[in-house]
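Engineer: Here you go, sequence then predicted model.
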Amino acid sequence: MVNRDYRLWVILFSNFFLLILIVKINEYLSKWGIHIELFSLFILFSTLYLRLRHGIIVTILTAILLEVFYPSKFGILLSLFILTYGIIVVFRQRIRREKAIHLITVAFGSNCLIFVIFSLIVGINSLGSWVYWVNCLSNLLISQFILILTTGIYIKLQTQLLYNQGIDIAGELQEV
Amino acid sequence: MLKNQIFSGKPILALVTLLIIWWIIPVVVKSFLRVTFYEFQAPVWSALSEIRNFQNNWSLHNHSKAEIIEAGKDLARLNAAYELRLQTFETLTSELKRLEKLLNLQSHVIYRNEVARVIRRDINSWWHQVIISKGHNFNIVEGAAVIYSGGVVGRIKEVHSNTSVVELVSDINFRIAAHIENDERPVIYSGSVNLVFSQPSGLVRNIPPDVSSNINSIRLVSSKLGGAFPDGLTIGQIENVKMDSNGLFQNGDVKLDQQLLSLEEVVVLLPINPEINK
């Protein structure tokens, strides 16, 4: 019997597509020194909509996909993703996934958490510099603004992709 | 109720276990994983870069014939000028070789140029790096100098099978020996954190005290003491020179070229005889 449940691959593929899109946008923005990081978008769907096993696999693979290009110590982003995943999973029964505002709030908070901790770890040599913090804050604010605009669209896109593959995530959640 | 509580703790336990496993995995396994994922992704970035080139080529098709003829004329003039410079360069090189032989001096390092396309740019608060389209397949080596028409770009940090990672001159971890134009005394250049919406910049230390701080802009160039870099390549313009706290040397800011943030092509300098460099 062939396993035709491709949800893991669909989400991974969409995350990879998002990664390409963000890198390309950042390439254009780099002329002005701006950089956006939408970490939480990569883990939001796998945390809120997938089963634990699938969610963890997607989170880990996505984190590694992102992190291989980072010159920081390999595993930092992965650990942060797992940590955030754990925090969201604990509260996921209380989150009303059908409400866009709930999704945006979770995405907003988790992106902020990952960004700040990552900045603290990676910028260990620049922590005393106000320029570093101004830079981080500017990038975080821009990222958060873009996150508010894109979270709903991206989650809808992933849901639709799964629906096209014959997986009705919304229906499954209602049954649960 | 109790069962539910235990169940809710299960994912956390699984994640903690995963984290512990990750941190005790041998470094070799992690490196293998990293390289595998890197090499898996690299062709995608190369392909995207090719698509961009293709787009640029097609956008050039929109130019009128008159524009192309005009551009051709300009290029012909440039070619003639470069031809002349090349002849002068060849004459000077042969003269240099003759003098080296005559005076029994150590030879200068001769570099092989490898032009590479930038396939990905990672410029953020944490690091400044670009990925170029050549790696082990073109014998690129770690630590090699990377330059462009405006001067120094950075240094090769990592080499992969078809790509290499270049640490930009504006990166906070970048350090190089340099000197002020027409002044052979060495200074230290290092990258710094750059503000958003501002020109990329760096810092320069150990400027001799007799260098006038009144001069608005002094050109900072690479020094052969830096190892991989040939002498005299532009790094940036020194500004805001101030005496340091101990009063022995001066420090200053270095304004780098804005083009660094939007490079499309770079040149990797590879020493033909690395032994001389050592």
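Structural biologist: Arrived safely, thanks for sending.

Engineer: Show residues contacting stretch B:251-262.
Structural biologist: Stretch B:251-262 is contacted from outside by A:30-31, A:33, B:121, B:123, B:148, B:150-151, B:153, B:168-170, B:189, B:199-207, B:213, B:217, B:220, B:234-244, using Cβ atoms under 8 Å, 6 or more residues apart in numbering or on different chains. Every C-beta, even on glycine, is put in place using the N, C-alpha and C of the backbone.

Engineer: Write out the residues of the stretch 101-250 of chain B neighbouring chain A.
Structural biologist: By the rule Cβ under 8 Å from any Cβ of the partner chain, the part of the stretch 101-250 of chain B lying against chain A is B:120-127, B:129, B:131, B:157, B:165, B:167, B:172-173, B:192-198, B:200.

Engineer: Give me the next element, helix or strand, following the helix or strand hosting B:Arg77.
Structural biologist: According to DSSP states H and E, B:Arg77 maps onto helix B:65-103. Where DSSP H and E defines the elements, the next helix or strand beyond helix B:65-103 is strand B:111-123.

Engineer: Can you show me the CA trace of that next one as CSV?
Structural biologist: Taking Å, rounded to 0.1, in the frame of the first residue of the first chain, the C-alpha atoms of strand B:111-123 are listed here in CSV:
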residue,chain,number,x,y,z
TYR,B,111,47.4,36.1,-9.4
ARG,B,112,45.1,34.2,-11.6
ASN,B,113,41.7,35.9,-12.0
GLU,B,114,38.5,33.9,-11.7
VAL,B,115,35.4,35.9,-12.5
ALA,B,116,32.3,34.6,-10.6
ARG,B,117,28.7,35.6,-10.5
VAL,B,118,27.0,36.5,-7.2
ILE,B,119,24.2,34.0,-6.7
ARG,B,120,23.0,35.0,-3.2
ARG,B,121,23.5,37.9,-0.9
ASP,B,122,23.1,37.7,2.8
ILE,B,123,23.5,41.2,4.2
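
Engineer: one step back: which helices and strands sit right next to the helix holding B:Arg77?
Structural biologist: Contacts defined by 3 or more Cβ pairs under 8 Å, 6 or more residues apart in numbering or on different chains; DSSP states H and E place helix B:65-103 against no helix or strand at all.

Engineer: Please list only the buried members of the residues of the stretch 101-250 of chain B next to chain A.
Structural biologist: Neighbour counting by 16 or more other Cβ atoms under 10 Å in any protein chain shown classes B:120-127, B:129, B:131, B:157, B:165, B:167, B:172, B:192-196, B:200 among those as buried.

Engineer: any weak-confidence spans in chain A?
Structural biologist: A:1-4, A:174-176 (pLDDT under 70).

Engineer: need the helices for it, in chain order.
Structural biologist: Assigned by DSSP state H, chain A shows helices spanning A:7-29, A:39-48, A:52-67, A:76-91, A:100-122, A:130-164, A:169-175.

Engineer: Low-confidence regions, the stretch 51-200 of chain B specifically.
Structural biologist: Of all residues in the stretch 51-200 of chain B, none has pLDDT under 70.

Engineer: which residues does B:Arg205 contact?
Structural biologist: B:Val187, B:Ile188, B:Ser190, B:Asp244, B:Phe249, B:Asn251.

Engineer: Tell me which residue in the stretch 51-200 of chain B sits closest to chain A.
Structural biologist: B:Asn124 (3.7 Å; Cβ to the nearest Cβ).

Engineer: Now that residue. Nearest residue, chain neighbours left out?
Structural biologist: Among residues not flanking B:Asn124 along the chain, A:His35 sits closest, at 3.7 Å (Cβ to Cβ, 6 or more residues apart in numbering or on different chains).

Engineer: Give the full set of residues in contact with that neighbour.
Structural biologist: Counting by Cβ under 8 Å, 6+ apart, A:His35 has contacts A:Asn26, A:Leu29, A:Asn139, B:Ile123, B:Asn124, B:Ser125.

Engineer: ok, the fourth one touching A:Ser30?
Structural biologist: Yes: shown here, B:Ile123 and A:Ser30 form a contact pair, counting by Cβ atoms under 8 Å, at 4.2 Å.
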